[in-house]
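J.: build me a model:
(one chain, ligands or ions: 2)
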Amino acid sequence: MKTLTLSAPAKLNLFLHINGRRADGYHELETLFTFLDFGDELTFSLIENSDQITVTGDTSGIPLEDNLIYKAAKLLASYKKINVGVEIHLTKNLPMGGGVGGGSSDAATTLLALNILWRCQLTIEELAKIGLQLGADVPVFVEGKTAVAHGVGEQLEPMDIAQKWYLVVAPPVHVSTALVFTHPDLPRNTPKLENGWKLSETGNDCQTLVKKLYPEVEKTLSWLLKYAPTKMTGTGACCFAEFENREAALRVLESLPSSWQGFIAQNTSESICHRQLRAWQN
Ligand SMILES: C[C@@](CO)(OP(=O)(O)O)[C@H](O)COP(=O)(O)OP(=O)(O)OC[C@H]1O[C@@H](n2ccc(N)nc2=O)[C@H](O)[C@@H]1O
Ligand SMILES: Nc1ncnc2c1ncn2[C@@H]1O[C@H](COP(=O)(O)OP(=O)(O)O)[C@@H](O)[C@H]1O
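T.: Ligands and ions are numbered 1, 2, ... in the order given. Take a look at the predicted model:
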């Protein structure tokens, strides 16, 4: 049986600016995506004499048809007319709907893995286009490079940034992305960055609104800010504090209030999924 195990890393939006709203309701964004060396894990096993796609493991009550892993596999199978079955086993390590992109990353890892196992021979650009049908964040995970994204997140401009340690904290609250993007108080007119911009001059345009709507996010940000520069990622609720070394991040993780979940990780310029895929192919 042919088996492949890959990570689906978390992302952080090191900044997130909203430049406008399109006629279809989606927002024009400018955001810096980086990947962490921590994520979910997916194992893909081809099933002989079957065309079934199954998802097992930590599916947390998500109906199969709504699981982004299943949706990604189905989309690729129908695009390339594949009739080979696959069992996909998920180990969920990332908080769901927390702004670290776990579902989108699972979908991207599925496209990348099945492109190889099913011998689809699609390019990364073709896979990214398929991924965009599943969500605005899927293309950046398919491309797998730290990048500034424009448009709804699909126009990517890779860039090099310093490697840091992050403490990511998930407060016990679920932020609705749709609610944030439809809220009248969301600022939507941040100008595009000029050449020579500095990370210290950027922010997250959703943060003030989300802090107001979800006091747990406000509490998390104020607590972390006592120790290190901190922002919210995506539309929240996860917040990340930046450290120069692992020891400093670990010290703060160890004193985290018990009702908050947290993890520490380093950012990587290339997604760990892409590194693992290359190692597996050689
Ligand atoms: C804003 C980001 C930043 O990374 O937030 P997080 O979801 O990671 O927190 C993402 O681009 C989210 O991407 P993703 O979660 O894939 O979004 P989608 O499923 O495509 O859209 C969810 C909902 O958010 C709104 N939406 C999303 C992206 C965008 N550029 N403009 C929008 O207005 C739409 O109302 C849509 O119905
Ligand atoms: N495999 C999956 N992992 C996580 N969420 C999933 C998955 N499949 C579908 N979803 C749905 O997608 C939503 C957004 O997921 P996620 O990517 O974790 O959010 P975010 O982009 O805010 O980090 C979840 O609330 C969940 O309902």
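J.: check contacts around residue 34.
T.: By Cβ atoms under 8 Å, 6 or more residues apart in numbering, residue 34 lies in contact with 11-12, 14, 146, 161, 267-269. Placement of C-beta: from N, CA and C, glycine included.
J.: nearest to ligand 1 among those?
T.: Checking those against ligand 1 by Cβ to the nearest ligand atom gives residue 11 as the nearest, at 6.9 Å.
J.: surely that closest one and residue 32 touch.
T.: No: the pair residue 11 / residue 32 is not scored as a contact, 10.1 Å apart, by Cβ atoms under 8 Å.
J.: on the three-state scheme, the closest residue to residue 234 other than its chain neighbours is what?
T.: Of all residues not flanking residue 234 in the chain, residue 99 sits nearest, at 3.2 Å (Cβ to Cβ, 6 or more residues apart in numbering). Assigned with DSSP: H, G, I helix; E, B strand; the rest coil, residue 99 falls in the coil class.
J.: any idea how far residue 99 lies from residue 85?
T.: Distance, residue 99 to residue 85, using Cβ to Cβ, to the nearest Å: 34 Å.
J.: same question, residue 256
T.: Going from residue 256 to residue 85 by Cβ to Cβ gives 43 Å.
J.: go on, residue 253?
T.: Counting by Cβ to Cβ, the gap from residue 253 to residue 85 is 41 Å.
J.: look at residue 1 and report its pLDDT.
T.: Confidence at residue 1, expressed as pLDDT, is 61.
J.: start the count at 51 instead of 1 going forward.
T.: Yes, from this point I'll number from 51; that puts the last item at residue 51.
J.: list the contacts for whichever residue of the stretch 201-332 of the chain sits closest to ligand 1?
T.: Residue of the stretch 201-332 of the chain nearest ligand 1, by Cβ to the nearest ligand atom: residue 284 (2.3 Å). Taking Cβ under 8 Å, 6+ apart, we find residue 284 in contact with 63, 66, 149-151, 227, 256.
J.: name the nearest residue to the residue nearest the centre of the chain, ignoring sequence neighbours.
T.: With distances taken as Cα atoms, centre = their mean, residue 151 lies nearest the centre of the chain, 2.4 Å away. Computed as Cβ to Cβ, 6+ apart, the closest residue to residue 151 that is not its neighbour in sequence is residue 61, at 4.3 Å.
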